[in-house]
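*Asks:* sequence and predicted structure, then a few things I'm wondering about:
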Amino acid sequence: MSAAMEKQVAMSYATPIGRFRMPDGESVNRELRRIILDKEKTSPSDNYANVGGWHSSADLLEWPGESISTLKAWIMEAVSHMVAVSTEGKAPRGMIRVVGWANVSRKGHYHRIHNHPSSAWSGVYYVDAGGESPGQPLSGVLELCDPRPFTEMVAAPGSPFGQRVIFRAEAGTMIVFPSWLYHFVNPFQGDGERISVSFNMQWQGMPA
């Protein structure tokens, strides 16, 4: 009888995507919602990938208020965790800068497919998921695209390639992903406002 075949499979080219749930975020979200909607009334939209809706300037993390400071601390903790995963716990040399902006979407508004150049990690924190939309399961859903080209060309058992990763808006939840990863947000079909804060982490490395 012949010897058994030696088998080894490497899961290469993995893309780290983090999901974080904030404890007791209701009071923070109420205050963030008030601040963001008040700002929307007085500031023009600084459009990037949004189609409809309001996109604030990218200085949100510098706005005054305890809820803003709390949100910034949450973002820094989540990003630091992603950095620790990617560096296997080693502290990177260099400077880290995080910038953030608010997004307000109402019925029919969405974000085109895009990525975030010149940044290392990007993410979104959900302040308010907005009203539900029965019969519209993709309403306001964030979709992250498989970054490998042509993976959708041929069917494979189990459909392991070319699938999109989806996240439904949930107040108090944060998603963090590599900035080069293409993503988009499906049209929001519910009532009220879908309010989120997006952010970029920019890193300037130093020689070892």
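*Replies:* Yep, it's here.
*Asks:* how near is the nearest residue to residue 147 once chain neighbours are set aside to residue 20?
*Replies:* In this structure, residue 147 finds its nearest non-sequential neighbour in residue 181, 5.8 Å apart by Cβ to Cβ, 6 or more residues apart in numbering. C-beta here means a position set from N, CA and C on the backbone, and glycine is covered the same way. Counting by Cβ to Cβ, to the nearest Å, the gap from residue 181 to residue 20 is 17 Å.
*Asks:* residue 78: what secondary structure?
*Replies:* Following DSSP: H, G, I helix; E, B strand; the rest coil, residue 78 is assigned to helix.
*Asks:* what ranges do the strands span in this protein?
*Replies:* In the chain, strands defined by DSSP state E lie at 18-21, 50-51, 54-55, 94-105, 110-114, 121-128, 142-144, 165-167, 173-178, 183-185, 194-205, listed in chain order.
*Asks:* which of those is buried the deepest?
*Replies:* With neighbours taken as mean count of other Cβ atoms under 10 Å, the strands of the chain reach their highest mean count in strand 121-128, at a mean of 24.
*Asks:* so that strand versus strand 173-178, what angle?
*Replies:* Here strand 121-128 runs at an angle of 160 degrees relative to strand 173-178 (axes from the mean of the first three to the mean of the last three Cα atoms, to 10 degrees).
*Asks:* and for the most centrally placed residue in the chain, nearest residue in space, chain neighbours not counted?
*Replies:* Centroid-nearest residue in the chain, with Cα atoms, centre = their mean: residue 123, separated by 2.9 Å. Distances taken as Cβ to Cβ, 6+ apart put residue 176 closest to residue 123, at 3.8 Å, once the chain neighbours are dropped.
*Asks:* for the one you found, give its distance to residue 27.
*Replies:* To residue 27, residue 176 is 23 Å away according to Cβ to Cβ.
*Asks:* just give me the neighbour total for residue 33.
*Replies:* Neighbour count of residue 33, defined by other Cβ atoms under 10 Å: 18.
*Asks:* if we can go back for a sec, redo the strands of the chain as a markdown table? Include distance to residue 39 and mean pLDDT.
*Replies:* What follows is these, written out as a markdown table (distance: least, Cβ to Cβ, whole Å; pLDDT from 0 to 100):
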| stretch | distance to residue 39 | mean pLDDT |
| --- | --- | --- |
| strand 18-21 | 24 | 97 |
| strand 50-51 | 15 | 96 |
| strand 54-55 | 9 | 98 |
| strand 94-105 | 7 | 94 |
| strand 110-114 | 19 | 97 |
| strand 121-128 | 12 | 98 |
| strand 142-144 | 22 | 98 |
| strand 165-167 | 25 | 96 |
| strand 173-178 | 20 | 98 |
| strand 183-185 | 20 | 98 |
| strand 194-205 | 11 | 93 |
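*Asks:* to residue 44, which of these lies closest?
*Replies:* Of all the strands of the chain, it is strand 54-55 that lies closest to residue 44, at 8.6 Å by Cβ to Cβ.
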